[in-house]
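[1] Next one to model:
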Amino acid sequence: MAAFVGGLLAGLPRVNCWSIAEHAGEDCPRGMQRLLSSAVWDDSGVRDDLRGYVLEHFADPGAVLIVDETGDLKKGAMTVGTQRQYTGTAGRTENAQVAVYLAYASAAGSAFIDRALYLPRSWTGDPARCQAAGVPASVVFATKPALARQMIGRALDAGTPAAWATGDEVYGQDPALRADLARSGLGYVLAVAKSHPVSTGIGARPAIELARKLPARAWQRLSAGAGAKGPRWYDWALIEASDPAVTGSGPHWLLIRRRISDGEYAFYRAHAPRRVPLGQLVRVAGSRWKIEDGFAGGKELAGLDEHQVRSWTSWHRWTILALLAHAFLSVMAATVPDDSDPGADTLIPLTRNEIRRLFTGLRWQPAAPRRQLHWSRWRRRHQATAQACHYRRRALAVT
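    This is a model prediction of the structure:
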């Protein structure tokens, strides 16, 4: 397992069981494949260890739980969860596998702590297909917000300290998720569509209609947090509202963001157990970008999207090890001492990318020619066997 995680972090041109095994000095990829498919270990336990590792360094009672999904483009229909569906990765409907992720963000740093594979109805309604992919019989269809509720519930049941939750429109539009968060004592800032109906003192109105009626004095210019090019400034407004789906105490608002350059609006359902200043809600809304940064880093630095696995078990094992590798980089970036020399050139803090480059560069040793030749022969032999099998299968299909 240590060798597998080391391979995920090694910056290999392609990340799969073959390249990881070769990098680790193995004679063939069978051991790495077995680690993902049939070796006896508890990936749920590793998930709990991952959460504990992240909390050991980032725990904060005021932290934010962030939910979002990402898709991996796939070919064929055999990979678990794959169908033609919309994915933000491509920005359109494609043949893809989609999963929901949960990240933990505090002032100390942020990292992923859980993930859940989304199984469309085309899968859950086909028991034979699920059985072939190793999906447990107990798994039933669950929407993306329902998967988010399950992950947040697991985190809170484990004692994860947090005060807020945030997510995009997929999650903000779901009343059951909003109700669950409120019952758990969490505040939330969840995006909603411009057409989302909001109940105020003048009745239910679409969010966009309420925004256009606001006077100039209702807007405040605040930063939603630091971006790659500096503070992310927007104009913000807050409207008192009610939410029939959420019972219990605490105020509800419609939070409105207006882009300075072109006046484009974005809308959020917001709630807190008690009144909080506008700036607090803005900071929670802005923290959602941290999960986007996490997706980019997880895919670029830890092979999160490069898995070439088809089964339920293998997907869960690959992703949890990739999240562990990414958390290692996140913790290092957040906790490594400042090594800049006041008398020399100014240095930016060590980033995840730079830490991975140093970590792998200092550890990596060029493979001996004998081992390179061994792997070349292994690949060619395996490809010859696969080719012969394909030809036999095609011949049988024709006859």
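
[2] And the closest residue to Glu94 other than its chain neighbours, its phi and psi?
    Counting by Cβ to Cβ, 6 or more residues apart in numbering, Leu73 is the residue found nearest to Glu94 once chain neighbours are left out, at 5.5 Å. C-beta: built from backbone N, CA, C; applies to glycine. When quoted as degrees, to the nearest 10, the phi and psi of Leu73 stand at phi -70, psi 140.

[3] Wait, Leu73 touches Gly91, no?
    No. Using Cβ atoms under 8 Å, Leu73 is not in contact with Gly91; the gap is 11.4 Å.

[4] Of the two, give the one with the bigger neighbour count.
    Using other Cβ atoms under 10 Å, the more surrounded residue of Leu73 and Gly91 is Leu73, with 13 against 8.

[5] what's the pLDDT at that one?
    Turning to Leu73, the model gives it a pLDDT of 88.

[6] can you pull the contacts of it?
    Leu73 is in contact with Thr87, Thr89, Ala90, Glu94, Asn95, Ala96, counting by Cβ atoms under 8 Å, 6 or more residues apart in numbering.

[7] 10 Å - rerun?
    Contacts here follow Cβ atoms under 10 Å, 6 or more residues apart in numbering; on that basis Leu73 touches Thr82, Thr87, Thr89, Ala90, Glu94, Asn95, Ala96, Gln97, Asp305.

[8] How much space separates the first one from Trp318?
    Right, the one you point to is Thr82. 15 Å (Cβ to Cβ, to the nearest Å).

[9] Apart from its chain neighbours, what residue comes closest to Leu214?
    Ala237 is the one closest to Leu214 (Cβ to Cβ, 6+ apart), at 5.4 Å.

[10] Tell me the secondary structure at Asp114.
    Under DSSP: H, G, I helix; E, B strand; the rest coil, Asp114 falls in the strand class.

[11] Would you confirm that it contacts Asp49?
    No. The pair Asp114 and Asp49 does not pass the contact test of Cβ atoms under 10 Å, sitting 12.0 Å apart.

[12] Find residues that contact each of those two.
    Listed as contacting both Asp114 and Asp49 by Cβ under 10 Å, 6+ apart are Ile320.

[13] which residues of the stretch 51-200 of the chain fall in strands?
    Secondary structure of the stretch 51-200 of the chain (DSSP state E, counting those that start in this stretch): strands located at 64-73, 83-87, 92-106, 109-117, 164-167, 187-192, 197-200.

[14] the inter-axis angle of the third one versus strand 83-87?
    Taking axes from the mean of the first three to the mean of the last three Cα atoms, to 10 degrees, strand 92-106 and strand 83-87 form an angle of 60 degrees between their directions.

[15] Does anything pack onto the helix or strand the residue nearest to Leu214 falls within? Which helices or strands?
    Using DSSP states H and E, Ala237 falls within strand 230-241. Here strand 230-241 touches strand 197-200, strand 203-206, helix 207-212, strand 220-227, strand 252-258, strand 265-271, helix 278-286, going by 3 or more Cβ pairs under 10 Å, 6 or more residues apart in numbering; DSSP states H and E.

[16] Let's have the ones you listed in TSV, adding distance to Ala397 and mean pLDDT.
    Formatted as TSV, the helices and strands packed on strand 230-241 follow (distance: least, Cβ to Cβ, whole Å; pLDDT from 0 to 100):
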stretch	distance to Ala397	mean pLDDT
strand 197-200	55	93
strand 203-206	55	92
helix 207-212	55	96
strand 220-227	55	91
strand 252-258	56	97
strand 265-271	53	97
helix 278-286	55	97
